[in-house]
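Undergrad: curious how this folds, go ahead:
(one chain, ligands or ions: 1)
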Amino acid sequence: MNLTSMSDKVLGKLPGGVAGAVYRGASLIPGLRRRLDKEYESMLASVPGVEVGADVPVYTKLPNEPRSRDEILADIGAISAVEEAGWSEGRASGAVYHGDSGHIGFLNEVYALQSQSNPLHLDLWPSGMKFEAEVVAMTADILGAAETPDEIVGNVTSGGTESIILAMKAYRDRAGQAEPEMVLPDSAHVAFDKAAQYLGYRQVRVPVGADYDADVEAMTQAISKRTVVVVGSAPGFPHGIVDPIPELSEMARERGIGFHTDACLGGFVMPWVAQLGYDAPQFDFRLPGVTSMSADTHKYGYAAKGTSVVLYRGRALRHHQYYVATEWPGGLYFSPTIAGSRPGALLASAWAAMLSMGEAGYERAAAAILATGAEIRDGVNAIAELRVLGDPLWVVAFASEEVNIYEVMARMAERGWSLNGLHHPEAVHLAVTLRHTQDGVAATFLEDLRSAVETAKATGLEPHTGSAPMYGMAATFPARGAVAELLRRYVDRLYQVTPKD
Ligand SMILES: Cc1ncc(COP(=O)(O)O)c(C=O)c1O
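TA: So this is what the prediction gives:
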(Lines give C-alpha, C1' and ligand atoms only; values in the text may rest on other atoms or scores of the structure.)
Protein backbone atom coordinates (compact mmCIF):
# COMPACT_ATOMS: atom_id res chain seq x y z
CA MET A 1 0.00 0.00 0.00
CA ASN A 2 1.57 3.34 -0.96
CA LEU A 3 0.89 6.63 0.82
CA THR A 4 -1.81 7.57 -1.66
CA SER A 5 -3.74 4.36 -1.31
CA MET A 6 -3.18 4.40 2.45
CA SER A 7 -4.71 7.86 2.37
CA ASP A 8 -7.69 6.60 0.37
CA LYS A 9 -8.23 3.46 2.37
CA VAL A 10 -7.60 4.69 5.90
CA LEU A 11 -6.58 8.24 6.54
CA GLY A 12 -8.59 9.78 3.73
CA LYS A 13 -11.75 8.95 5.64
CA LEU A 14 -10.61 10.98 8.64
CA PRO A 15 -10.60 14.76 8.97
CA GLY A 16 -7.13 16.29 8.28
CA GLY A 17 -6.30 16.96 11.93
CA VAL A 18 -7.16 13.40 13.01
CA ALA A 19 -5.17 11.94 10.11
CA GLY A 20 -2.21 14.11 11.14
CA ALA A 21 -2.43 12.81 14.70
CA VAL A 22 -2.64 9.18 13.46
CA TYR A 23 0.44 9.82 11.31
CA ARG A 24 2.37 11.36 14.19
CA GLY A 25 1.39 8.49 16.47
CA ALA A 26 2.28 5.86 13.86
CA SER A 27 5.68 7.40 13.26
CA LEU A 28 6.56 6.91 16.95
CA ILE A 29 5.94 3.14 16.86
CA PRO A 30 9.10 1.40 15.52
CA GLY A 31 7.25 -1.21 13.40
CA LEU A 32 4.99 1.36 11.79
CA ARG A 33 7.90 3.79 11.45
CA ARG A 34 9.77 1.17 9.37
CA ARG A 35 6.72 0.63 7.26
CA LEU A 36 6.36 4.36 6.67
CA ASP A 37 10.07 4.49 5.74
CA LYS A 38 9.44 1.85 3.09
CA GLU A 39 6.44 3.77 1.82
CA TYR A 40 8.55 6.92 1.44
CA GLU A 41 11.24 5.02 -0.42
CA SER A 42 8.76 3.52 -2.86
CA MET A 43 7.09 6.90 -3.45
CA LEU A 44 10.45 8.54 -4.15
CA ALA A 45 11.51 5.73 -6.45
CA SER A 46 8.97 6.99 -9.01
CA VAL A 47 10.32 10.56 -8.87
CA PRO A 48 13.33 11.12 -11.14
CA GLY A 49 16.67 11.99 -9.46
CA VAL A 50 19.14 14.63 -10.67
CA GLU A 51 20.44 13.91 -14.17
CA VAL A 52 22.43 16.63 -15.97
CA GLY A 53 22.01 15.03 -19.38
CA ALA A 54 25.68 15.41 -20.39
CA ASP A 55 28.46 12.86 -20.14
CA VAL A 56 30.63 14.41 -17.42
CA PRO A 57 32.46 12.71 -14.54
CA VAL A 58 30.91 12.41 -11.07
CA TYR A 59 33.07 13.40 -8.08
CA THR A 60 32.70 12.27 -4.50
CA LYS A 61 36.28 13.33 -3.69
CA LEU A 62 38.88 15.66 -5.14
CA PRO A 63 40.74 14.45 -8.22
CA ASN A 64 44.30 13.38 -7.23
CA GLU A 65 45.87 15.81 -9.67
CA PRO A 66 44.46 19.11 -10.94
CA ARG A 67 42.32 18.78 -14.06
CA SER A 68 43.07 21.15 -16.93
CA ARG A 69 40.99 24.31 -17.19
CA ASP A 70 40.12 23.41 -20.79
CA GLU A 71 38.66 20.06 -19.72
CA ILE A 72 36.68 21.63 -16.90
CA LEU A 73 35.33 24.33 -19.21
CA ALA A 74 34.39 21.66 -21.76
CA ASP A 75 32.43 19.73 -19.11
CA ILE A 76 30.57 22.78 -17.85
CA GLY A 77 29.97 23.88 -21.45
CA ALA A 78 28.41 20.49 -22.26
CA ILE A 79 26.10 20.75 -19.23
CA SER A 80 25.15 24.36 -20.03
CA ALA A 81 24.30 23.48 -23.64
CA VAL A 82 21.83 20.84 -22.48
CA GLU A 83 20.33 23.13 -19.83
CA GLU A 84 20.02 26.12 -22.16
CA ALA A 85 17.74 24.12 -24.43
CA GLY A 86 15.27 23.99 -21.52
CA TRP A 87 14.70 27.74 -21.38
CA SER A 88 16.12 29.54 -24.41
CA GLU A 89 13.17 28.76 -26.70
CA GLY A 90 10.69 30.04 -24.12
CA ARG A 91 9.42 26.71 -22.79
CA ALA A 92 9.95 27.45 -19.10
CA SER A 93 7.67 29.30 -16.71
CA GLY A 94 9.59 32.28 -15.25
CA ALA A 95 13.16 31.13 -14.50
CA VAL A 96 15.04 33.13 -17.17
CA TYR A 97 13.39 36.49 -17.56
CA HIS A 98 15.42 38.09 -20.35
CA GLY A 99 17.64 35.41 -21.86
CA ASP A 100 18.78 37.22 -24.99
CA SER A 101 22.36 36.07 -25.71
CA GLY A 102 23.66 39.64 -26.18
CA HIS A 103 22.22 40.68 -22.80
CA ILE A 104 23.67 37.62 -21.06
CA GLY A 105 27.08 38.15 -22.67
CA PHE A 106 27.10 41.75 -21.49
CA LEU A 107 26.25 40.78 -17.90
CA ASN A 108 28.96 38.11 -18.01
CA GLU A 109 31.52 40.71 -19.07
CA VAL A 110 30.51 42.94 -16.19
CA TYR A 111 30.76 39.99 -13.77
CA ALA A 112 34.24 39.13 -15.04
CA LEU A 113 35.44 42.70 -14.46
CA GLN A 114 34.22 42.70 -10.85
CA SER A 115 34.48 39.03 -9.87
CA GLN A 116 36.81 39.71 -6.91
CA SER A 117 34.82 42.60 -5.45
CA ASN A 118 33.42 42.29 -1.93
CA PRO A 119 31.66 45.37 -0.55
CA LEU A 120 32.49 44.19 2.98
CA HIS A 121 35.95 45.62 2.21
CA LEU A 122 34.86 49.14 1.51
CA ASP A 123 38.45 50.41 1.25
CA LEU A 124 39.27 47.97 -1.55
CA TRP A 125 36.00 48.10 -3.46
CA PRO A 126 34.15 51.38 -2.89
CA SER A 127 32.47 50.65 -6.24
CA GLY A 128 30.33 47.96 -4.58
CA MET A 129 28.68 50.64 -2.43
CA LYS A 130 28.22 52.94 -5.42
CA PHE A 131 26.52 50.19 -7.47
CA GLU A 132 24.31 49.13 -4.56
CA ALA A 133 23.25 52.64 -3.54
CA GLU A 134 22.39 53.54 -7.13
CA VAL A 135 20.46 50.31 -7.77
CA VAL A 136 18.43 51.13 -4.65
CA ALA A 137 17.86 54.76 -5.71
CA MET A 138 16.81 53.82 -9.27
CA THR A 139 14.45 51.10 -8.00
CA ALA A 140 12.93 53.44 -5.40
CA ASP A 141 12.42 56.02 -8.14
CA ILE A 142 10.31 53.72 -10.35
CA LEU A 143 8.34 52.64 -7.27
CA GLY A 144 7.02 56.08 -6.38
CA ALA A 145 9.84 57.61 -4.28
CA ALA A 146 9.62 60.94 -6.08
CA GLU A 147 5.89 61.21 -5.38
CA THR A 148 6.04 60.97 -1.62
CA PRO A 149 7.51 63.50 0.84
CA ASP A 150 9.19 60.66 2.76
CA GLU A 151 12.67 59.37 2.06
CA ILE A 152 12.62 55.90 0.48
CA VAL A 153 15.75 53.91 1.35
CA GLY A 154 16.84 50.31 1.02
CA ASN A 155 19.46 47.68 0.29
CA VAL A 156 20.32 45.07 -2.29
CA THR A 157 19.89 41.51 -1.00
CA SER A 158 20.56 38.08 -2.47
CA GLY A 159 17.00 37.53 -3.70
CA GLY A 160 13.31 37.95 -2.98
CA THR A 161 13.37 35.62 0.01
CA GLU A 162 16.12 37.58 1.74
CA SER A 163 14.37 40.89 1.02
CA ILE A 164 11.21 39.53 2.63
CA ILE A 165 13.00 38.03 5.64
CA LEU A 166 14.82 41.31 6.26
CA ALA A 167 11.68 43.45 5.99
CA MET A 168 9.91 41.11 8.44
CA LYS A 169 12.92 41.35 10.78
CA ALA A 170 12.70 45.16 10.66
CA TYR A 171 9.01 45.11 11.66
CA ARG A 172 9.61 42.55 14.39
CA ASP A 173 12.50 44.47 15.91
CA ARG A 174 10.74 47.82 15.63
CA ALA A 175 7.75 46.44 17.53
CA GLY A 176 9.97 44.67 20.08
CA GLN A 177 7.03 42.65 21.38
CA ALA A 178 6.62 39.00 22.21
CA GLU A 179 4.72 36.83 19.69
CA PRO A 180 4.49 39.32 16.82
CA GLU A 181 1.94 38.49 14.13
CA MET A 182 1.88 39.07 10.38
CA VAL A 183 -1.44 39.13 8.52
CA LEU A 184 -1.29 38.08 4.90
CA PRO A 185 -3.40 36.55 2.14
CA ASP A 186 -3.02 32.81 1.52
CA SER A 187 -1.50 33.64 -1.85
CA ALA A 188 1.48 35.56 -0.36
CA HIS A 189 4.81 33.92 -1.14
CA VAL A 190 6.06 31.08 1.02
CA ALA A 191 9.11 33.28 1.84
CA PHE A 192 6.86 34.94 4.46
CA ASP A 193 6.34 31.53 6.04
CA LYS A 194 10.10 31.02 6.07
CA ALA A 195 10.50 34.48 7.64
CA ALA A 196 7.87 33.59 10.26
CA GLN A 197 9.71 30.37 11.12
CA TYR A 198 13.12 32.02 11.31
CA LEU A 199 11.97 35.11 13.21
CA GLY A 200 9.42 33.65 15.61
CA TYR A 201 6.32 35.23 14.11
CA ARG A 202 2.82 33.86 14.23
CA GLN A 203 1.47 33.91 10.71
CA VAL A 204 -2.19 34.67 10.13
CA ARG A 205 -2.92 33.52 6.58
CA VAL A 206 -6.33 34.61 5.32
CA PRO A 207 -8.14 32.82 2.45
CA VAL A 208 -8.28 34.84 -0.78
CA GLY A 209 -11.58 35.91 -2.34
CA ALA A 210 -13.37 34.38 -5.33
CA ASP A 211 -11.10 36.31 -7.72
CA TYR A 212 -7.98 35.03 -5.94
CA ASP A 213 -7.10 38.48 -4.59
CA ALA A 214 -6.70 39.36 -0.90
CA ASP A 215 -9.99 39.65 0.98
CA VAL A 216 -9.76 43.10 2.64
CA GLU A 217 -12.68 42.51 4.97
CA ALA A 218 -11.36 39.16 6.21
CA MET A 219 -7.84 40.53 6.60
CA THR A 220 -9.18 43.46 8.62
CA GLN A 221 -10.95 40.98 10.89
CA ALA A 222 -7.68 39.08 11.31
CA ILE A 223 -5.78 42.05 12.78
CA SER A 224 -5.02 41.72 16.48
CA LYS A 225 -3.11 43.87 18.96
CA ARG A 226 -0.06 41.74 18.19
CA THR A 227 -0.14 42.41 14.42
CA VAL A 228 3.01 44.27 13.40
CA VAL A 229 2.77 43.98 9.61
CA VAL A 230 0.19 43.37 6.89
CA VAL A 231 1.25 42.01 3.50
CA GLY A 232 -0.07 42.22 -0.07
CA SER A 233 1.44 41.11 -3.38
CA ALA A 234 1.79 42.90 -6.70
CA PRO A 235 1.30 40.31 -8.08
CA GLY A 236 1.32 37.08 -6.04
CA PHE A 237 3.32 34.09 -7.24
CA PRO A 238 0.61 31.39 -7.48
CA HIS A 239 -2.14 33.08 -9.50
CA GLY A 240 -0.43 36.28 -10.64
CA ILE A 241 -3.15 38.46 -9.11
CA VAL A 242 -2.44 41.96 -7.79
CA ASP A 243 -3.97 42.41 -4.33
CA PRO A 244 -6.08 45.49 -3.46
CA ILE A 245 -3.02 47.29 -2.08
CA PRO A 246 -4.70 50.73 -1.71
CA GLU A 247 -7.38 49.35 0.64
CA LEU A 248 -5.04 46.99 2.52
CA SER A 249 -2.29 49.57 3.06
CA GLU A 250 -4.81 52.19 4.18
CA MET A 251 -6.37 49.75 6.63
CA ALA A 252 -2.88 49.11 8.07
CA ARG A 253 -1.99 52.83 8.17
CA GLU A 254 -5.17 53.73 10.05
CA ARG A 255 -4.15 51.24 12.73
CA GLY A 256 -0.48 52.32 12.88
CA ILE A 257 0.66 48.94 11.49
CA GLY A 258 3.38 48.45 8.83
CA PHE A 259 2.44 47.34 5.32
CA HIS A 260 4.72 45.42 2.95
CA THR A 261 4.03 45.23 -0.79
CA ASP A 262 5.72 42.14 -2.17
CA ALA A 263 6.62 43.25 -5.70
CA CYS A 264 9.36 40.64 -6.11
CA LEU A 265 7.65 39.54 -9.32
CA GLY A 266 6.10 42.85 -10.32
CA GLY A 267 8.59 45.52 -9.27
CA PHE A 268 9.93 46.04 -12.79
CA VAL A 269 6.68 45.44 -14.73
CA MET A 270 3.97 47.04 -12.59
CA PRO A 271 5.33 50.62 -12.91
CA TRP A 272 4.30 50.52 -16.60
CA VAL A 273 1.05 48.58 -16.39
CA ALA A 274 -1.33 51.55 -16.06
CA GLN A 275 0.31 53.69 -18.71
CA LEU A 276 0.21 50.74 -21.10
CA GLY A 277 -3.56 50.68 -20.67
CA TYR A 278 -3.97 47.65 -18.41
CA ASP A 279 -6.11 47.67 -15.33
CA ALA A 280 -4.23 47.40 -12.02
CA PRO A 281 -4.46 49.04 -8.60
CA GLN A 282 -1.73 51.31 -7.24
CA PHE A 283 0.78 49.32 -5.28
CA ASP A 284 3.86 51.38 -4.42
CA PHE A 285 5.13 54.23 -2.20
CA ARG A 286 2.66 56.66 -3.73
CA LEU A 287 0.27 55.05 -1.26
CA PRO A 288 1.05 56.54 2.16
CA GLY A 289 0.33 53.26 3.96
CA VAL A 290 2.99 51.27 2.06
CA THR A 291 5.97 51.23 4.44
CA SER A 292 8.20 48.66 2.73
CA MET A 293 8.53 46.81 -0.56
CA SER A 294 10.53 44.02 -2.18
CA ALA A 295 11.38 44.10 -5.91
CA ASP A 296 13.61 41.54 -7.58
CA THR A 297 16.29 42.79 -9.94
CA HIS A 298 17.07 39.14 -10.74
CA LYS A 299 13.59 38.56 -12.17
CA TYR A 300 12.01 41.24 -14.39
CA GLY A 301 14.89 43.64 -13.56
CA TYR A 302 16.82 41.37 -15.99
CA ALA A 303 19.96 41.22 -13.82
CA ALA A 304 22.02 38.07 -13.20
CA LYS A 305 20.67 35.71 -10.52
CA GLY A 306 21.37 36.71 -6.94
CA THR A 307 19.97 40.21 -6.36
CA SER A 308 16.76 41.83 -5.13
CA VAL A 309 15.95 45.21 -3.59
CA VAL A 310 14.25 45.78 -0.22
CA LEU A 311 12.91 49.31 0.31
CA TYR A 312 11.64 51.20 3.37
CA ARG A 313 9.76 54.39 4.01
CA GLY A 314 12.35 56.18 6.16
CA ARG A 315 15.73 55.31 7.65
CA ALA A 316 14.34 54.46 11.09
CA LEU A 317 12.67 51.27 9.84
CA ARG A 318 15.78 50.30 7.84
CA HIS A 319 17.90 50.62 10.99
CA HIS A 320 15.99 47.65 12.43
CA GLN A 321 17.26 45.58 9.51
CA TYR A 322 20.97 46.32 10.00
CA TYR A 323 23.37 44.25 12.04
CA VAL A 324 26.08 46.09 13.96
CA ALA A 325 28.59 44.78 16.54
CA THR A 326 30.63 47.03 18.77
CA GLU A 327 32.55 44.56 20.99
CA TRP A 328 33.76 41.79 18.69
CA PRO A 329 37.55 41.19 18.88
CA GLY A 330 37.52 41.23 15.06
CA GLY A 331 36.78 44.95 15.15
CA LEU A 332 33.78 47.24 14.79
CA TYR A 333 31.47 45.43 12.43
CA PHE A 334 28.37 46.31 10.44
CA SER A 335 26.51 44.44 7.78
CA PRO A 336 23.28 45.68 6.20
CA THR A 337 21.89 42.29 5.07
CA ILE A 338 22.16 38.64 6.15
CA ALA A 339 25.41 37.76 4.36
CA GLY A 340 28.78 38.98 5.59
CA SER A 341 30.93 38.92 2.45
CA ARG A 342 28.84 39.75 -0.59
CA PRO A 343 29.39 39.34 -4.32
CA GLY A 344 30.21 42.86 -5.57
CA ALA A 345 30.10 41.51 -9.12
CA LEU A 346 26.36 40.87 -8.76
CA LEU A 347 25.82 44.45 -7.57
CA ALA A 348 27.73 45.64 -10.64
CA SER A 349 25.70 43.42 -12.95
CA ALA A 350 22.38 44.59 -11.45
CA TRP A 351 23.52 48.19 -11.96
CA ALA A 352 24.63 47.43 -15.52
CA ALA A 353 21.38 45.59 -16.35
CA MET A 354 19.30 48.55 -15.16
CA LEU A 355 21.34 51.10 -17.11
CA SER A 356 21.29 48.98 -20.25
CA MET A 357 17.48 48.70 -20.06
CA GLY A 358 16.66 52.28 -19.09
CA GLU A 359 13.06 53.35 -18.50
CA ALA A 360 12.21 52.93 -22.16
CA GLY A 361 13.66 49.41 -22.25
CA TYR A 362 11.65 48.30 -19.22
CA GLU A 363 8.50 49.81 -20.67
CA ARG A 364 8.99 48.04 -24.02
CA ALA A 365 9.66 44.76 -22.21
CA ALA A 366 6.54 45.23 -20.05
CA ALA A 367 4.44 45.98 -23.15
CA ALA A 368 5.58 42.77 -24.85
CA ILE A 369 5.10 40.65 -21.72
CA LEU A 370 1.63 42.06 -20.97
CA ALA A 371 0.48 41.54 -24.58
CA THR A 372 1.73 37.93 -24.53
CA GLY A 373 0.16 37.42 -21.09
CA ALA A 374 -3.22 38.56 -22.45
CA GLU A 375 -2.90 36.27 -25.48
CA ILE A 376 -2.13 33.29 -23.26
CA ARG A 377 -4.87 34.11 -20.73
CA ASP A 378 -7.49 34.40 -23.49
CA GLY A 379 -6.17 31.33 -25.31
CA VAL A 380 -6.32 29.19 -22.16
CA ASN A 381 -9.84 30.42 -21.40
CA ALA A 382 -10.85 29.38 -24.92
CA ILE A 383 -9.95 25.73 -24.16
CA ALA A 384 -13.26 24.33 -22.97
CA GLU A 385 -11.77 22.00 -20.32
CA LEU A 386 -9.62 24.70 -18.72
CA ARG A 387 -10.38 27.71 -16.52
CA VAL A 388 -8.04 30.64 -15.82
CA LEU A 389 -7.99 31.53 -12.11
CA GLY A 390 -9.04 35.15 -11.59
CA ASP A 391 -8.11 37.87 -14.06
CA PRO A 392 -4.30 37.85 -14.22
CA LEU A 393 -1.94 40.08 -16.20
CA TRP A 394 1.11 37.98 -17.12
CA VAL A 395 1.34 35.09 -14.65
CA VAL A 396 -1.49 32.86 -15.82
CA ALA A 397 -2.76 30.02 -13.58
CA PHE A 398 -5.33 27.54 -14.82
CA ALA A 399 -7.32 24.65 -13.41
CA SER A 400 -9.84 22.13 -14.67
CA GLU A 401 -12.92 20.36 -13.43
CA GLU A 402 -12.77 17.91 -16.33
CA VAL A 403 -9.18 16.68 -16.61
CA ASN A 404 -6.49 16.05 -14.03
CA ILE A 405 -4.48 19.26 -14.28
CA TYR A 406 -1.27 17.54 -13.11
CA GLU A 407 -1.72 15.07 -15.93
CA VAL A 408 -1.90 18.06 -18.29
CA MET A 409 1.31 19.39 -16.70
CA ALA A 410 2.99 16.01 -17.28
CA ARG A 411 1.82 15.91 -20.92
CA MET A 412 3.16 19.46 -21.38
CA ALA A 413 6.50 18.30 -19.92
CA GLU A 414 6.62 15.61 -22.61
CA ARG A 415 6.23 18.42 -25.14
CA GLY A 416 9.20 20.27 -23.59
CA TRP A 417 7.28 22.71 -21.34
CA SER A 418 8.38 23.29 -17.76
CA LEU A 419 5.32 24.69 -15.93
CA ASN A 420 4.76 25.30 -12.23
CA GLY A 421 2.42 23.00 -10.33
CA LEU A 422 0.20 24.69 -7.72
CA HIS A 423 -2.23 23.36 -5.15
CA HIS A 424 -5.13 24.63 -3.01
CA PRO A 425 -6.69 24.64 -5.61
CA GLU A 426 -4.97 22.18 -7.96
CA ALA A 427 -3.68 24.26 -10.85
CA VAL A 428 -0.69 24.97 -13.07
CA HIS A 429 0.80 28.31 -14.05
CA LEU A 430 2.96 29.93 -16.68
CA ALA A 431 4.86 33.12 -15.75
CA VAL A 432 5.36 34.93 -19.06
CA THR A 433 8.88 36.30 -19.62
CA LEU A 434 10.63 37.95 -22.56
CA ARG A 435 11.37 34.40 -23.78
CA HIS A 436 7.66 33.90 -24.49
CA THR A 437 7.39 37.13 -26.43
CA GLN A 438 9.53 35.64 -29.22
CA ASP A 439 7.65 34.99 -32.46
CA GLY A 440 5.27 32.06 -32.35
CA VAL A 441 6.01 30.92 -28.78
CA ALA A 442 2.57 31.81 -27.34
CA ALA A 443 0.79 30.16 -30.29
CA THR A 444 2.88 26.98 -29.88
CA PHE A 445 2.16 26.97 -26.13
CA LEU A 446 -1.59 27.12 -26.76
CA GLU A 447 -1.44 24.46 -29.47
CA ASP A 448 0.57 22.13 -27.22
CA LEU A 449 -1.79 22.83 -24.34
CA ARG A 450 -4.82 21.88 -26.44
CA SER A 451 -3.22 18.60 -27.45
CA ALA A 452 -1.97 17.95 -23.88
CA VAL A 453 -5.55 18.33 -22.62
CA GLU A 454 -6.77 15.87 -25.29
CA THR A 455 -4.10 13.32 -24.31
CA ALA A 456 -4.81 13.82 -20.62
CA LYS A 457 -8.50 13.19 -21.26
CA ALA A 458 -7.69 9.95 -23.02
CA THR A 459 -5.33 8.66 -20.31
CA GLY A 460 -7.69 9.34 -17.44
CA LEU A 461 -7.15 10.87 -14.03
CA GLU A 462 -4.03 9.09 -12.72
CA PRO A 463 -0.91 11.26 -13.17
CA HIS A 464 2.25 9.25 -13.72
CA THR A 465 5.24 11.28 -14.90
CA GLY A 466 7.56 14.05 -13.66
CA SER A 467 6.59 15.73 -10.40
CA ALA A 468 2.91 15.05 -11.08
CA PRO A 469 2.70 12.01 -8.74
CA MET A 470 4.11 14.09 -5.88
CA TYR A 471 1.48 16.75 -6.50
CA GLY A 472 -1.25 14.17 -6.89
CA MET A 473 -0.30 12.58 -3.60
CA ALA A 474 0.29 15.87 -1.81
CA ALA A 475 -3.09 17.24 -2.85
CA THR A 476 -5.06 14.34 -1.46
CA PHE A 477 -3.05 13.14 1.52
CA PRO A 478 -4.49 14.59 4.72
CA ALA A 479 -1.48 14.02 7.05
CA ARG A 480 0.58 17.09 6.21
CA GLY A 481 3.44 15.88 8.45
CA ALA A 482 3.89 12.95 6.06
CA VAL A 483 3.97 15.27 3.06
CA ALA A 484 6.59 17.45 4.80
CA GLU A 485 8.68 14.36 5.60
CA LEU A 486 8.45 13.25 1.98
CA LEU A 487 9.71 16.66 0.86
CA ARG A 488 12.64 16.52 3.29
CA ARG A 489 13.60 13.10 1.97
CA TYR A 490 13.27 14.37 -1.59
CA VAL A 491 15.75 17.19 -0.78
CA ASP A 492 18.15 14.61 0.75
CA ARG A 493 17.88 12.61 -2.42
CA LEU A 494 18.92 15.63 -4.52
CA TYR A 495 22.19 15.80 -2.56
CA GLN A 496 22.94 12.13 -3.04
CA VAL A 497 25.99 11.75 -5.33
CA THR A 498 26.01 8.39 -7.05
CA PRO A 499 29.44 7.49 -8.47
CA LYS A 500 29.42 6.22 -12.05
CA ASP A 501 30.28 2.51 -12.56
C1 LIG B 1 5.84 37.25 -5.38
C2 LIG B 1 7.13 36.61 -4.99
N3 LIG B 1 7.69 36.91 -3.81
C4 LIG B 1 8.85 36.37 -3.41
C5 LIG B 1 9.53 35.48 -4.19
C6 LIG B 1 10.81 34.86 -3.70
O7 LIG B 1 11.89 35.23 -4.52
P8 LIG B 1 13.25 34.43 -4.57
O9 LIG B 1 12.98 33.12 -5.22
O10 LIG B 1 14.13 35.32 -5.38
O11 LIG B 1 13.77 34.27 -3.19
C12 LIG B 1 8.98 35.13 -5.43
C13 LIG B 1 9.64 34.14 -6.30
O14 LIG B 1 9.15 33.74 -7.32
C15 LIG B 1 7.76 35.71 -5.84
O16 LIG B 1 7.18 35.39 -7.01
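
Undergrad: show me where the stretch 401-501 of the chain has strands.
TA: 420-422, 427-431 (DSSP state E, counting those that start in this stretch).

Undergrad: can you give me the buried ones in whatever helix or strand L355 lives in?
TA: If you go by DSSP states H and E, L355 is part of helix 344-381. By 16 or more other CB atoms under 10 Å, the buried positions in helix 344-381 come out as 344-354, 357, 362-363, 365-377, 379-380. All C-beta atoms are positioned from the backbone trio N, CA, C, and that covers glycine.

Undergrad: please tell me how far whichever residue of the chain sits closest to the ligand sits from S46.
TA: The ligand sits closest to G160 of the chain, with a gap of 2.3 Å, by CB to the nearest ligand atom. Separation of G160 from S46 (CB to CB, to the nearest Å) stands at 31 Å.

Undergrad: swap in G53?
TA: 20 Å.

Undergrad: residue contacts, the closest residue to G209 other than its chain neighbours?
TA: Nearest residue to G209 in three dimensions, chain neighbours excluded: D215, at 4.4 Å (CB to CB, 6 or more residues apart in numbering). By CB atoms under 8 Å, 6 or more residues apart in numbering, the contact list for D215 reads P185, V206, P207, V208, G209.

Undergrad: my read is that S117 contacts P126, right?
TA: No: under the criterion of CB atoms under 8 Å, S117 is not in contact with P126, lying 9.9 Å apart.

Undergrad: about what we covered before: got a pLDDT number for the residue of the chain closest to the ligand?
TA: The score at G160 is 98. That number is its pLDDT.

Undergrad: how about it, nearest residue that isn't a chain neighbour?
TA: Distance criterion CB to CB, 6+ apart; nearest residue to G160, sequence neighbours excluded, is C264 at 3.5 Å.

Undergrad: would you mind listing what in the stretch 101-250 of the chain touches the ligand?
TA: Within the stretch 101-250 of the chain, the positions near the ligand by CB under 6 Å from any ligand atom are G159, G160, T161, H189, A191, S233, G236, F237.

Undergrad: for the stretch 401-501 of the chain, same thing?
TA: Applying the criterion CB under 6 Å from any ligand atom, no portion of the stretch 401-501 of the chain neighbours the ligand.

Undergrad: shaky segments in the stretch 401-501 of the chain?
TA: The model of the stretch 401-501 of the chain has pLDDT under 70 over residues 460-478.

Undergrad: any idea where the helices of it begin and end?
TA: 405-414, 441-459, 468-476, 480-494 (DSSP state H, counting those that start in this stretch).

Undergrad: could you identify which of the ones you listed is most buried?
TA: Scoring the helices of the stretch 401-501 of the chain by mean neighbour count under mean count of other CB atoms under 10 Å gives helix 405-414 as the most buried, with a mean of 24.

Undergrad: helix or strand with the lowest mean pLDDT in this protein?
TA: Ranked by mean pLDDT, DSSP states H and E, the weakest helix or strand in the chain is helix 3-9, scoring a mean of 35.

Undergrad: tell me which element the residue lying closest to H429 once chain neighbours are set aside falls in.
TA: Nearest non-adjacent residue to H429, counting by CB to CB, 6+ apart: A397, 3.9 Å away. Using DSSP H and E, A397 sits within strand 395-399.

Undergrad: again with Y312
TA: strand 308-313.

Undergrad: now do that strand: which elements does it pack against?
TA: For strand 308-313, the packing partners by 3 or more CB pairs under 8 Å, 6 or more residues apart in numbering; DSSP states H and E come out as helix 126-142, strand 152-157, helix 160-175, strand 292-295.

Undergrad: quick one: distance of it to the chain centre.
TA: 17 Å (CA atoms, centre = their mean, to the nearest Å).

Undergrad: tell me the most buried of the helices and strands packed on strand 308-313?
TA: Mean neighbour count (mean count of other CB under 10 Å) peaks for strand 292-295 among the helices and strands packed on strand 308-313, with a mean of 30.

Undergrad: mind listing residues that contact the strand holding Y312?
TA: Outside strand 308-313, the residues that reach it (CB under 8 Å, 6+ apart) are 135-136, 139-140, 143, 148, 150-160, 162-164, 166-167, 170, 264, 267, 285, 290-298, 318, 321.

Undergrad: and if you look at stretch 269-282?
TA: Residues from elsewhere that reach stretch 269-282 (CB under 8 Å, 6+ apart): 142-143, 234-235, 242-246, 263, 283-284, 300, 362-363, 365-367, 369-370, 393-394.

Undergrad: just give me how far that stretch sits from the chain centre.
TA: Distance, stretch centre to chain centre, for stretch 269-282: 21 Å (CA atoms, centre = their mean).

Undergrad: distance of the residue nearest to G160 from S88?
TA: Applying CB to CB to C264 and S88 gives a distance of 24 Å.

Undergrad: higher neighbour count, these two?
TA: Neighbours per residue (other CB atoms under 10 Å) separate C264 from S88, with C264 holding more: 28 against 16.

Undergrad: give me the distance between the more buried one and P271.
TA: With CB to CB as the criterion, C264 and P271 are 14 Å apart.

Undergrad: same deal with A384?
TA: According to CB to CB, A384 stands 36 Å off from P271.

Undergrad: likewise Q114?
TA: Q114 is 27 Å from P271, by CB to CB.

Undergrad: go on, V110?
TA: 24 Å.

Undergrad: got the confidence number for the residue nearest to A366 when sequence neighbours are not counted?
TA: Excluding the flanking residues, the one nearest A366 by CB to CB, 6+ apart is W272, at 4.0 Å. Turning to W272, the model gives it a pLDDT of 98.
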